[in-house]
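Student: Pasted the sequence and its predicted model underneath.
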Amino acid sequence: MSLRKRPTITEKRIAASRANGSGPRSPVRGEWREDIRAALHRHGFDVEAEEVAMRALGEDPAQFQELLEALWDTYQPSDAAQEGLVIRLARATWLMNRADRMQEGYALRVAREVNSGRQDRAHAQMMRLRITAESLRLLVQSVAQEHYVTTAGDLEKMKSLHQEGVLKDMGDMALALFCQLQPPDTGEDGIDPNEQAQRALMRIKEIFGLTSDCAPPPVSGAPGYRPPQESPYQAQGGVAPDFSPAPHEAASSFRPAPAESAQDAVRAPQLEENDDRYPSITAADWEAREGPRQLLENILTRYVDICEEQRKAILKESVKGPSPYERAAEIAPTHPNALIMRRSQDSYFREVRRVTNLLLKLKRRARED
């Protein structure tokens with residue numbers, strides 16, 4: 001049993017069907033094409049020129065012809081005014097679709113450019129994070145020493161990392177800790193004045209070729225040259241007496257200092273070197289500097305882990321690929337002509353709406369007449 005209710009056949013319905021059948025019939029498809037071609041010429045359109053322009057723009061003229069025939073079949077114009085409106089409606093619809101293709105084509109071009117450079121950008125970011133992590137790891141190794149004192153190289157490296165914004169919020173604290181762990185007599189630039197003077201003196205010696213501490217012997221004939229004076233014994237033709245000790249006396253007179261153990265003998269130069277480098281830092285000062293040193297080591301270690309986590313996240317995203325939202329953000333129309341393209345699309349849409357409304361009004365008036 002069918003669930004659809006069949007219409008009831010009445011005398012009024014039969015009379016309406018007979019009246020519709022006796023009216024004028026629509027032309028066949030071949031006749032439409034001839035009427036459309038004639039209407040195009042009447043309204044000033046060159047069919048061959050339109051086909052050449054469309055093919056030059058990468059469009060198929062046959063598709064435009066199918067669109068025009070479909071609109072002609074829908075509205076079935078009965079006079080020249082309706083024919084012109086149908087042709088105008090077809091052209092406005094075609095231009096609106098062309099505006100859509102323009103925006104999609106530009107988005108496709110941007111997407112291809114982004115895809116081609118995405119891997120390079122991800123690789124550059126991973127390399128930058130790896131270099132940063134290696135620099136931080138070297139600073140951690142330096143700070144991890146028991147008696148750490150900030151050097152000029154570590155301070156300069158920390159300043160460069162702080163300027164790059166690697167440590168973000170903790171950069172100021174880490175830089176302050178590095179400055180706090182400097183030697184007592186260090187200036188604001190992070191260089192010991194005595195060490196700076198020694199470097200300047202060595203640089204001057206290198207420039208003038210005075211690399212050794214002893215002056216070169218004078219050359220005979222040079223200005224200021226004085227011959228060596230002879231001793232009284234050499235003036236009388238004798239030999240100067242030798243007051244050096246005998247070999248067995250020199251050997252017997254040498255007595256090495258007793259050492260308590262081999263470890264003390266090895267440790268003694270290290271203690272003496274530490275005392276010579278920082279004599280003004282006492283044991284209490286070293287104990288007070290231990291807290292800032294541990295805090296600085298923890299901060300740098302934490303940011304080494306953060307860099308490694310970011311590098312792994314970028315690698316994972318590059319393998320997985322961008323999400324649809326990221327792709328949409330990448331192809332967002334940010335070029336200067338994006339607004340013009342959008343306005344053109346809206347203009348064509350308004351023209352389609354105006355032409356359609358006008359055509360429907362003419363068809364309604366024709367039926368009323």
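Tutor: Here it is on my side, so go on.
Student: contacts for stretch 278-286?
Tutor: His147, Val149, Pro183, Pro184, Asp185, Arg289 (Cβ atoms under 8 Å, 6 or more residues apart in numbering). Using the backbone N, CA and C atoms, a C-beta is placed for each residue, glycine as well.
Student: same thing but 7 Å
Tutor: Contact with stretch 278-286 is made by His147, Val149, Pro183, Pro184, as judged by Cβ atoms under 7 Å, 6 or more residues apart in numbering.
Student: repeat for stretch 74-85
Tutor: With Cβ under 7 Å, 6+ apart, stretch 74-85 has contacts from Ser26, Ala39, Arg42, His43, Val86, Val355, Leu358, Leu359, Leu362, Lys363, Ala366.
Student: Can you say which of those are buried?
Tutor: Burial by neighbour count, 16 or more other Cβ atoms under 10 Å: within the contacts of stretch 74-85 this picks out Ala39, Val86, Val355, Leu359, Leu362, Lys363.
Student: what about the fourth one, helix or strand, and which?
Tutor: Read it as Leu359. helix 338-368 (DSSP states H and E).
Student: Can you name every helix or strand that that helix contacts?
Tutor: Counting contacts by 3 or more Cβ pairs under 7 Å, 6 or more residues apart in numbering; DSSP states H and E, helix 338-368 is packed against helix 80-143.
Student: now the helix it packs on and helix 338-368, what's the angle there?
Tutor: 150 degrees (axes from the mean of the first three to the mean of the last three Cα atoms, to 10 degrees).
Student: Past helix 80-143, which element shows up next along the chain?
Tutor: Following helix 80-143 in sequence order, the next helix or strand is helix 152-164 (DSSP H and E).
Student: Give the other helices and strands that that following helix contacts.
Tutor: Partner elements for helix 152-164 (3+ Cβ pairs under 7 Å, 6+ apart): helix 80-143, helix 171-180.
Student: Quick one: closest of those helices to Val52.
Tutor: helix 80-143 (15.5 Å; Cβ to Cβ).
Student: The closest one vs helix 171-180, what angle?
Tutor: Using the same axes, to 10 degrees: helix 80-143 against helix 171-180 is 20 degrees.
Student: tell me the angle helix 80-143 makes with helix 152-164.
Tutor: Counting by the same axes, to 10 degrees, helix 80-143 lies at 160 degrees to helix 152-164.
Student: who touches Val86 in this structure?
Tutor: Taking Cβ under 7 Å, 6+ apart, one finds Leu71, Trp72, Tyr75, Pro77, Leu359 in contact with Val86.
Student: Tell me how many other residues crowd Ala124.
Tutor: 11 (other Cβ atoms under 10 Å).
Student: Flag every buried residue along the helix or strand hosting Arg302.
Tutor: For Arg302, the host element (DSSP H and E) is helix 283-320. Neighbour-count burial for helix 283-320 flags 286, 289, 292-293, 296-297, 299-301, 303-304, 306-307, 310-311, 314, 318 (criterion: 16+ other Cβ under 10 Å).
Student: do stretch 150-165 as well
Tutor: Buried residues in stretch 150-165, counting neighbours by 16+ other Cβ under 10 Å, are found at Thr150, Thr151, Asp154, Leu155, Lys157, Met158, Leu161, His162.
Student: and that stretch, average pLDDT?
Tutor: Averaged across stretch 150-165, pLDDT comes to 88.
Student: And the pLDDT at Tyr271?
Tutor: Not quite, residue 271 is Leu, not Tyr. 37.
Student: ok, now Leu3?
Tutor: Leu3 is assigned a pLDDT of 55 by the prediction.
Student: cool, the one 5 residues further on as well?
Tutor: You'll see Thr8 listed with a pLDDT of 75.
Student: element containing it, please.
Tutor: With DSSP H and E as criterion, Thr8 is part of no helix or strand.
Student: What is the neighbour count of it?
Tutor: 6.
Student: show me the contacts for it.
Tutor: Neighbouring residues of Thr8 by Cβ under 7 Å, 6+ apart: there are none.
Student: if we can go back for a sec, show me which of the buried residues of stretch 150-165 is closest to Glu59.
Tutor: Using Cβ to Cβ, Leu161 is the member of those that sits closest to Glu59, with 56.6 Å.
Student: Test my guess that that closest one contacts Met170.
Tutor: No - with contacts counted by Cβ atoms under 7 Å, Leu161 stays clear of Met170, the gap being 11.0 Å.
Student: Endpoint to endpoint, stretch 317-329 covers what distance?
Tutor: 16 Å (Cα to Cα, to the nearest Å).
Student: Pull the residues that contact that stretch.
Tutor: Here stretch 317-329 makes contact (Cβ under 7 Å, 6+ apart) with Ala111, Gln119, Ala122.
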